[in-house]
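>>> everything below, folded, please.
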Amino acid sequence: MSLQGKKFGLCPYYASRSNIENAEILCMPYVSLFHKPTREKFGIDLKNSIIIIDEAHNLLETITQINSFTLNFCQICQVYSQLKRYQEKYQKRLKAKNSYYVNQLCLFLNNVRNFLQTKHNNGKSGTYISMKILDFLIEINAAALDFTKLQAFVENSQLSKKLNMFIEKIQDMSVNITNEKTSTSTEINDILRSPLNILDLFIDFFIGLMKTNDKESIFLIKFDEKLPETSINLLRLDSENGLKDVLKECHSMVLAGGTMEPISEYNFIKKQFPIDKYHTFSCGHIITPDQFKALVISKAKNSALDLLYNFENKKNDDLLTKTIEIIDEIAKEIPDGLIIFLQSYGFLDSLASKMKILKIHEKMQGKRVFFDSKTATKIVSDYEKEIKSSKGALLFSVMGGRLSEGINFNDKLARGIIVLGLPFSNIKAPEIIEKSRFLEKRDVSYQENACMKLINQTIGRAIRHKNDYAIVFLVDKRFENAKIQEKLPGWIRGAVEGKLGVEEVLKKTREFFKKVEKL
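Next up, the predicted model:
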């Protein structure tokens with residue numbers, strides 16, 4: 001399309017947009033489909049359409065993120081100063097009605113920043129408070145604002161576009177707020193001089209606030225040591241309405257994915273339709289049972305130490321040492337590629353540092369060792385070249401990171417995968433706490449489901465076609481828990497063997513590869 005654009009002197013992007021109504025098949029990211037303003041902007045009509053959602057295990061979380069917004073104190077001050085400048089510049093040219101609405105927006109922003117400063121003065125860094133949207137609006141004294149008309153003004157006047165053009169002309173972004181009640185610090189003034197234009201972010205935040213059902217969303221006020229970084233978060237807790245809007249318009253929707261388990265969080269969809277309109281289908285894997293095995297390792301070799309990779313144990317020196325010993329033992333038995341997936345980059349760094357102390361960070365069992373990082377660019381290609389030119393290699397990466405989804409480690413690239421620990425989210429994060437509380441009322445374990453989705457996606461990297469084969473090691477005592485195993489896909493769950501010692505695991509590994517080589 002880009003070559004044709006150059007040939008005819010046309011923009012491929014706008015040419016594609018203008019032909020949407022003539023297309024029979026449209027491909028788009030989630031945000032273009034489930035964010036209504038974006039959908040309307042592109043002119044996407046869902047009537048009588050069939051929607052196919054690929055990688056649907058990400059869908060519900062994505063919908064909540066699309067409709068959640070964050071502004072910090074600094075950004076609120078910036079938007080306020082931009083609106084005031086615009087108003088002062090065009091005061092005599094603005095219609096009385098428009099001037100009134102701009103005044104109301106300024107009043108709203110001023111109330112919000114005063115509210116945030118008061119809360120910050122009384123709050124403690126690293127903590128947060130949550131409140132319902134209605135309570136928030138009452139506390140900022142917003143009852144006098146005509147939100148219905150204000151929303152219509154923001155949406156219909158192209159205010160964002162006009163202000164963006166105005167701000168682009170301003171070279172000096174500094175604002176003297178010495179006489180303002182909110183702050184007199186030099187630090188705030190310095191930040192306000194930033195050329196960043198966050199007006200669009202505020203418009204999204206404001207429209208999201210007006211269109212959000214109070215029952216399904218809350219405000220989080222997160223306190224930072226510095227006032228400019230103290231933030232207000234409009235957190236959407238429920239994805240039901242975002243999905244319901246699309247379901248009402250389309251003819252039908254298919255949620256597809258290789259690993260949709262655990263599927264219980266989609267149960268609310270059943271309530272939206274007659275029972276004969278809701279169908280689920282799951283099939284076994286294309287491979288035979290002899291081509292895959294999953295072994296649980298819960299104890300260290302020749303030790304009573306439980307392998308439990310929770311927050312308290314991640315820096316346990318004895319646990320790190322025993323973990324490296326287990327990886328070394330497994331590496332001896334795995335031909336070609338072995339991938340070790342950990343819970344976080346922080347834990348990966350701790351393990352890598354320990355391996356460096358033990359002087360096995362470059363090679364293990366004669367195989368080269370690779371460590372993924374957030375900045376690594378050629379890690380997969382280098383790992384692949386090493387496997388093709390030697391007897392194998394090890395790759396350390398992170399569940400939920402760059403390599404645990406969307407990348408194929410087929411054939412020799414992953415004859416073995418070690419899943420080291422369970423990647424539970426930070427239980428102290430405000431968003432996680434509130435989402436967990438909300439979904440627990442629906443008998444849905446947000447933490448557990450999110451964790452098992454990552455594990456299921458991670459394991460799925462290894463088996464990519466009908467002739468592929470691999471063995472997976474689930475290293476953590478919690479993998480013996482029946483509740484955890486129930487949330488594995490059937491083809492993995494049926495292959496799990498637990499309560500095995502390290503020696504027995506190694507024996508079964510040797511037997512697996514001897515058997516699979518005869519297939």
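
>>> and the gap between the residue lying closest to residue 443 once chain neighbours are set aside and residue 452?
Of all residues not flanking residue 443 in the chain, residue 264 sits nearest, at 7.9 Å (Cβ to Cβ, 6 or more residues apart in numbering). Quick note: C-beta positions are derived from backbone N, CA and C, even for glycine. Computed as Cβ to Cβ, to the nearest Å, the residue 264 to residue 452 distance reads 11 Å.

>>> over to residue 425?
12 Å.

>>> the more surrounded of those two?
residue 452 (24 against 17; other Cβ atoms under 10 Å).

>>> SS state for that one?
With DSSP: H, G, I helix; E, B strand; the rest coil as the basis, residue 452 sits in helix.

>>> what comes up buried for the lengthiest helix in the chain?
Longest helix in the chain, counting residues (DSSP state H): helix 96-122. Buried residues in helix 96-122, counting neighbours by 16 or more other Cβ atoms under 10 Å, are found at 101-102, 104-113, 115-117, 119-120.

>>> same deal with stretch 268-275?
In stretch 268-275, counting by 16+ other Cβ under 10 Å, buried: 268, 269.

>>> ok, the closest residue to residue 84 other than its chain neighbours - contacts?
Distances taken as Cβ to Cβ, 6+ apart put residue 106 closest to residue 84, at 6.2 Å, once the chain neighbours are dropped. Contact analysis of residue 106 by Cβ atoms under 8 Å, 6 or more residues apart in numbering lists 80, 83, 84, 87.

>>> go again with 10 Å.
79, 80, 81, 83, 84, 86, 87 (Cβ atoms under 10 Å, 6 or more residues apart in numbering).

>>> ok, now residue 428?
126, 128, 311.

>>> check residue 263 too.
Contacts of residue 263 by Cβ under 10 Å, 6+ apart are 56, 57, 255, 257, 280, 282, 449, 487, 489.

>>> helix or strand: which one has residue 13?
helix 12-18 (DSSP states H and E).

>>> find the nearest non-adjacent residue to residue 413, please.
Among residues not flanking residue 413 along the chain, residue 337 sits closest, at 4.6 Å (Cβ to Cβ, 6+ apart).

>>> residue 412 too?
Nearest to residue 412 is residue 336, by Cβ to Cβ, 6+ apart, at 3.8 Å.

>>> one more: residue 513?
Residue 513's closest residue in space is residue 335 (Cβ to Cβ, 6+ apart), at 6.6 Å.

>>> sketch out the low-pLDDT regions of this protein for me.
1-2, 168-197, 211-215, 519 (pLDDT under 70).

>>> what's around residue 141, how many residues?
Residue 141: 13 surrounding residues under other Cβ under 10 Å.

>>> wait, it touches residue 118, no?
No. Residue 141 is beyond contact range of residue 118, at 12.0 Å (criterion: Cβ atoms under 10 Å).

>>> tell me which residues of stretch 504-519 come out buried.
Of all the residues in stretch 504-519, those buried under the rule 16+ other Cβ under 10 Å are 505, 506, 509, 512, 513, 516.

>>> in what helix or strand does the first one lie?
Right, residue 505. Secondary structure from DSSP H and E places residue 505 in helix 502-516.

>>> from the contact counts, what lies against that helix?
For helix 502-516, the packing partners by 3 or more Cβ pairs under 10 Å, 6 or more residues apart in numbering; DSSP states H and E come out as strand 292-297, helix 317-333, strand 416-420, strand 470-475, strand 496-500.

>>> these: which one's closest to residue 13?
Proximity to residue 13 (Cβ to Cβ) singles out strand 416-420 among the helices and strands packed on helix 502-516, at 39.9 Å.
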